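Asks: Sequence unavailable; structure follows:
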Ligand SMILES: Nc1ncnc2c1ncn2[C@@H]1O[C@H](COP(=O)(O)OP(=O)(O)OP(=O)(O)O)[C@@H](O)[C@H]1O
Ligand SMILES: [Mg+2]
């Protein structure tokens, strides 16, 4: 059992349901994310991954059930309190969602300016966040002047500007070539292993998710290194939830999912 398994989850979905005109999109979801765990959400298009991330950020409310984040029932929170609450959450949206008419600096600083932080502090924190994603040199560029991978890195910098304990990643490597996808994965590993971030990460690409379960960022060497095969308890906590049509179809660690013989689960393994 992992050391954190007994502690309170950082994110908990309890019997969560949500419906739209077309019918029920989430059908009684129960999921828990432990402190410093990365929970990977896999599932075909329309299975409910983005909905879960939006619920965890308080951008949506469930029709039934509870969403509890950092000990607070956000599904019952007033809009005004949710604004404060969201400071603790970094959201890397599916399409990057940068403001095209704003520079990289303005995109990354957006939240701090809205909160009325002072300009000297903003400058320092924006530079720090851009340094983290190795894009300090692009500070004055517009999103349209950047490659897809660079834009994704800017959205990661924007998500971590307020040093949130929770980061939600929606398909962070989608549409990127394998080399660029690897740089994004390395960044996510760095955040997990140097900042102790708790994360929910939606993806179609299970091979990226396996990289997170098998590798860790070593702050001493500044490199990504394999987790010792016999040192599972010392490794990062990564677990998987496979969604199918708005329900949790399978849950387990990387070994369990790799060994799972179910044909729906196997579709994501290739
Ligand atoms: N605002 C909305 N109005 C109506 N239906 C919605 C809305 N948001 C999501 N849905 C429906 O809920 C279901 C789940 O959507 P969701 O965006 O969570 O899928 P997903 O797993 O993220 O898919 P993808 O892999 O394509 O990103 C889909 O059937 C979608 O059409
Ligand atoms: Mg989605």
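Replies: Cool, the structure landed. Every value quoted in this text rests on a predicted model; they were computed, and no experiment measured them. Numbering: from 1, shown residues only. Ligands and ions are numbered 1, 2, ... in the order given.
Asks: The residue lying closest to residue 136 once chain neighbours are set aside in helix, strand or coil?
Replies: Spatial nearest neighbour of residue 136, excluding adjacent residues (CB to CB, 6 or more residues apart in numbering): residue 130 at 4.6 Å. From N, CA and C alone the C-beta is placed, and that goes for glycine too. At residue 130, secondary structure determined by DSSP: H, G, I helix; E, B strand; the rest coil is helix.
Asks: Now do residue 130: how many residues are near it, please.
Replies: Counted with other CB atoms under 10 Å, the neighbours of residue 130 add up to 22.
Asks: measure it to residue 251 for me?
Replies: Counting by CB to CB, to the nearest Å, the gap from residue 130 to residue 251 is 36 Å.
Asks: How about residue 243?
Replies: From residue 243 to residue 251 the distance is 10 Å (CB to CB).
Asks: which of these two has more neighbours?
Replies: For residue 243 versus residue 251, neighbours defined as other CB under 10 Å are more numerous around residue 243 (23 against 15).
Asks: ok, which residues in the stretch 1-150 of the chain are in contact with ligand 1?
Replies: Residues of the stretch 1-150 of the chain lying near ligand 1 by CB under 6 Å from any ligand atom: 20, 22, 25, 43, 45-51, 94.
Asks: go again using 8 Å as the cut-off
Replies: Counting by CB under 8 Å from any ligand atom, the stretch 1-150 of the chain comes close to ligand 1 at 18, 20-22, 25-26, 41, 43-54, 94.
Asks: right, and residue 195 touches residue 163 too?
Replies: Yes: counting by CB atoms under 8 Å, residue 195 does reach residue 163; the two are 7.3 Å apart.
Asks: Spit out the residues that contact the two alike.
Replies: Both residue 195 and residue 163 lack any common contact, where contact means CB atoms under 8 Å, 6 or more residues apart in numbering.
Asks: Could you list the residues in contact with the strand or helix carrying residue 51?
Replies: For residue 51, the element it lies in under DSSP states H and E is helix 49-56. Residues from elsewhere that reach helix 49-56, judged by CB under 8 Å, 6+ apart: 11, 13, 16, 18, 25-26, 29, 31, 41-43, 60-62, 67, 69, 75, 89, 91, 94, 166, 168, 170-171, 200, 202, 243.
Asks: still on that earlier bit, can you tell me which of the residues of the stretch 1-150 of the chain next to ligand 1 are buried?
Replies: 18, 25-26, 41, 43, 47-54, 94 (16 or more other CB atoms under 10 Å).
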